[in-house]
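[1] 3D, please:
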Amino acid sequence: MSCTEPEPTSTDVVVIGGGIIGLGIALEAQRAGYRIRLIDPAPASGATYAAAGMLAPVSELHYQEEGLLGLTLASAKRWPGFMQALAADGYPDIGFQSTPTLALGADAADRSALADMREAQTREGLDVSRLSIREARRLEPLLSPHITAAHMISGDHQVDPRAVAAAIEARLLAGAGDSAKTAGDTIIRTNAAALLHRDPEDHDSPVTGVMLADGRSIRADEVVVANGLGAASLGGLPAHLVLPLRPVYGDVLRLRVPEHLRPLTTATLRGMVRGIPVYIVPRSDGTVVIGATSREDSNPGVSAGGVHQLLRDAQVLLPAVAELELLETTARARPATPDNAPLLGRVAGAGGRDIPGLLIATGFFRHGVLLTPIAAHVITGLLQGRSDPAHAGFRPDRFSPAVHPQERP
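    So this is what the prediction gives:
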């Protein structure tokens, strides 16, 4: 009796990476009728776990990143529908709040920086209004009387990324139906080792699936590489493809507000304190999130200096922060690119034609939560044969010298 290896699992789409981007893509593709397998040893335990969840395209506008604004605004418009679809499926509690944002400055230099930022925002047609300090303190009585500038930014919202990820994971499992029982688990909790190709010797040939770290293989019509910083080290990528991802670490704090101080703030506060940004995000459960440092060092753990900086600067804006209970300190690496814009779309081979079966969605840096709906929309559209020239500047092969240069965002 001869022993034969079991037939590999097959599916329509494999999504490598279970952060909020990978989860969002898997969900939208499943809704579009595709059979899905999502590969991640611990979904939503990376940058998603630390993220504050601000849906703030206006206050996230940064100098020399204006090309990203169209994408962030388009995704912000998609968030209500994304949220309502989850609620209709029985997952309403994702921490959504339509909280405005107050941009604050601590000293004269910060006031000047905020004025420059407001000028850039209004130049793009965005809704930002200047407030007097008295008006700002009337809205938020616990603000420091010593702040020097305040701007109101309308239209910002927030969600709880951990709650969103848990809801999507539950929806993926529920939406798989009986097919998951005959074709393996919908969420496979291991790492992906390498892409499989029609011609194993030619990594420009069509992608046909994924080899897992435990030796199993999954055949698929399409593979979406969405595993953040791990994307660049995945085996089987085209030799000419350059994915210039770098880790940018962020320290984030979660604190409980005592009853006598609630609400600590009803708006999200984004401050400049001696030129350093800090934010305070209120949650409906009586906690706040304070973040986030931006470190490009080799320390993957929580930075003592980062914690000190966040608490110090948050108290400059909101002195009552000193009375809060520190619940959690977290640090995670966010995947950034040279232009701080995502790597999103299909990949061209060395000959210039797109490689069938291969899509990439990574490099979202600090915008992962905000850009989840648009990333899911773009990738699902490509699965269905639809592309939008407006997104061509975010192609994942734009840094690859062997590919014809694309117009950058």
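
[2] excluding chain neighbours, what is closest to His62?
    If the residues on either side of it in the chain are set aside, His62 comes closest to Asn340, at 7.5 Å by CB to CB, 6 or more residues apart in numbering. To be clear about C-beta, it is placed using only N, CA and C from the backbone, and glycine gets the same treatment.

[3] cool, Ala50 as well?
    Taking CB to CB, 6+ apart, and ignoring the residues beside it in sequence, Ala50 has Arg332 as its nearest neighbour in space, at 4.0 Å.

[4] surely that neighbour meets Pro247?
    No. Arg332 is beyond contact range of Pro247, at 9.2 Å (criterion: CB atoms under 8 Å).

[5] give the buried residues for stretch 284-304.
    Thr287, Val288, Val289, Ile290, Gly291, Ala292, Thr293, Ser294, Arg295, Val302, Ser303 (16 or more other CB atoms under 10 Å).

[6] need the contact list for the second one.
    Pointing back at Val288 there. Arg254, Leu255, Val257, Leu264, Thr265, Ile280, Val281, Pro282, Leu324 (CB atoms under 8 Å, 6 or more residues apart in numbering).

[7] centroid-nearest residue for this protein?
    A centroid search over the chain (CA atoms, centre = their mean) returns Gly368, at 1.0 Å, as the residue closest to the centre.

[8] wait, doesn't that one sit right on Ala47?
    Yes. Shown here, Gly368 and Ala47 form a contact pair, counting by CB under 8 Å, at 6.0 Å.

[9] overlap in contacts, the two.
    Taking CB under 8 Å, 6+ apart as the contact definition, Gly368 and Ala47 share the neighbouring residues Gly19, Arg334.

[10] what's around the residue nearest to Ala322 when sequence neighbours are not counted, how many residues?
    Once flanking residues are discounted, Ala322 sits nearest to Gln315: 5.5 Å by CB to CB, 6+ apart. The tally of other residues near Gln315 (other CB atoms under 10 Å) stands at 18.

[11] am I right that Gln315 falls within a helix?
    Yes. Residue state for Gln315 (DSSP: H, G, I helix; E, B strand; the rest coil) corresponds to a helix.

[12] after the longest helix along the chain, next one along is what?
    Ranked by residue count and defined by DSSP state H, the top helix of the chain is helix 69-88. If you walk from helix 69-88 toward the C-terminus, the next helix or strand you reach (DSSP states H and E) is strand 101-105.

[13] packing partners of that next one?
    Contacts of strand 101-105 with other secondary structure elements, assessed using 3 or more CB pairs under 8 Å, 6 or more residues apart in numbering; DSSP states H and E, are made with helix 108-123, helix 133-139, strand 149-153, strand 268-273.

[14] what comes up buried for that strand?
    Applying a neighbour-count criterion of 16+ other CB under 10 Å, one finds Thr101, Leu102, Ala103, Leu104, Gly105 buried in strand 101-105.

[15] show residues contacting that strand.
    Everything outside strand 101-105 that qualifies as a contact, by CB under 8 Å, 6+ apart, is 54, 56, 58-59, 111, 113-114, 117-118, 128, 131, 136, 139-140, 143, 147-153, 156, 267-272, 317.

[16] buried ones only from those, please, as a ChimeraX command.
    The buried subset of those, as determined by 16+ other CB under 10 Å, is captured in ChimeraX by this line:
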select :54,56,58,59,111,113,114,117,118,128,131,136,140,143,147,148,149,150,151,152,153,156,267,268,269,270,271,272,317
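
[17] which non-adjacent residue is nearest Glu135?
    With CB to CB, 6+ apart as the measure, Ala150 is the residue that lies nearest to Glu135, at 7.3 Å, once sequence neighbours are left out.
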